[in-house]
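# okay, structure incoming, though there's no sequence with it:
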């Protein structure tokens, strides 16, 4: 049932999780940190997340979506609109998920977009 | 960690759990669909369970399961996972200021558990690292509570997904809830105009470079966005002023 080779691959993947999530605090020594890198750091986290999320919404089968009639596009747009509306009033991320799914699911399941 | 009473008896542990609970339904739906898709990609229920317990990273799992199913070389699988996880390396640079006060094994244990939402909620709750022992304990207790609730919910939902794999069609697209959770996090990170520029440049670059192997488009996108923001700062003279 358990393939030893696959299990080793999974252990390697777990190591990738630890390596990535702890990357800059694995070592005890001081990191030399130039000023430009310090400034760049305030833009890096959002860039890193956007690089994963934006293609998830806008790319299908390796291509940029070419139509506005796309369930993921409209669902994400509805989520962002809700977030903007609720900004600073709490529960915004949960609302983003719920509103986004409320738009996405009917379009996706009902209309097959 | 969670087993240390100094953490789980601390009031910040509950605050951390309460914050994680606010976004938990998105995590549950995402975990459920990750479980379903691992089995449907042909990984088998036993290996899928091991994967969710060991790897604990939804986006990396979703990226590599199709590769593993067709017998891709291991180094390609690992490199792809690392590129998808690059955002965590960026987060870890920010978290370094908070965590270096702790012994290494503790840093690695809590670091392993810090997923996207945990990082964002933590730095929003603690905008600057504490300098005294009591403050650092409160930070660690918050992280432990926040990560524990996310971890437990994710694992239960994933295993439920693995069990129900034949009953929940992937075509329903419930996994989109996970993408929407990340969209919500993106919105909360876009707190200044320059950060929004970073988001747009990175997203565009990630799509433009989508054809690159090993998900290297993510690396390209981060480099492009940060470089662009630094150049804009320089030309606008913003690097002299405090933003």
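Okay, I see it. Computed from a predicted model, the values in this text were never measured in an experiment. Numbering: from 1, shown residues only, chains lettered A, B, ... in the order given.
# all contacts plus neighbour counts: C-alpha atoms, from now on.
Fine.
# and residue B:83, what element?
In this assignment (DSSP states H and E), residue B:83 forms part of helix B:74-84.
# which helices and strands sit right next to that helix?
Secondary-structure packing of helix B:74-84 (3 or more Cα pairs under 8 Å, 6 or more residues apart in numbering or on different chains; DSSP states H and E): helix A:4-21, helix B:58-69, helix B:216-236.
# and the longest one with chain A, contact?
So that's helix B:216-236. Yes. Using Cα under 8 Å from any Cα of the partner chain, helix B:216-236 reaches chain A at B:217-218, B:221-222, B:225-227, B:229-230.
# now do the buried residues in the host helix or strand of residue B:47.
If you go by DSSP H and E, residue B:47 is part of helix B:45-55. In terms of neighbour count (16 or more other Cα atoms under 10 Å in any protein chain shown), helix B:45-55 has its buried residues at B:45, B:47-55.
# now do stretch B:226-234
B:226-230, B:233.
# now do stretch B:8-15
Under 16+ other Cα under 10 Å, the buried positions of stretch B:8-15 are B:8, B:10, B:12-15.
# quick one: contacts for the closest residue to residue B:189 other than its chain neighbours?
Leaving aside its chain neighbours, residue B:189 sits nearest to residue A:46 (6.2 Å; criterion: Cα to Cα, 6 or more residues apart in numbering or on different chains). Residue A:46 makes contact with B:186, B:189-190, B:195, B:198-199, according to Cα atoms under 8 Å, 6 or more residues apart in numbering or on different chains.
# need those in JSON lines (columns: neighbour count, secondary structure and pLDDT).
Shown next, in JSON lines, are the contacts of residue A:46 (neighbours: other Cα atoms under 10 Å in any protein chain shown; DSSP: H, G, I helix; E, B strand; the rest coil; pLDDT from 0 to 100):
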{"residue": "B:186", "neighbour count": "24", "secondary structure": "helix", "pLDDT": "89"}
{"residue": "B:189", "neighbour count": "19", "secondary structure": "helix", "pLDDT": "86"}
{"residue": "B:190", "neighbour count": "17", "secondary structure": "coil", "pLDDT": "88"}
{"residue": "B:195", "neighbour count": "22", "secondary structure": "helix", "pLDDT": "92"}
{"residue": "B:198", "neighbour count": "30", "secondary structure": "helix", "pLDDT": "94"}
{"residue": "B:199", "neighbour count": "30", "secondary structure": "helix", "pLDDT": "94"}
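# all helices of chain A, in order?
For chain A, the helices defined by DSSP state H occupy A:4-21, A:35-41, A:44-58, A:71-86, A:92-105.
# mean neighbour count, these: which tops it?
Highest mean neighbour count of these: helix A:44-58, a mean of 26 (counted as mean count of other Cα atoms under 10 Å in any protein chain shown).
# pLDDT of that helix, averaged?
In this model, helix A:44-58 has a mean pLDDT of 89.
# same question for stretch B:34-52.
Stretch B:34-52 shows a mean pLDDT of 88.
# with the buried residues of stretch B:226-234 in mind, which one is nearest to residue B:111?
Proximity of these to residue B:111 (Cα to Cα) peaks at residue B:226, which lies at 23.9 Å.
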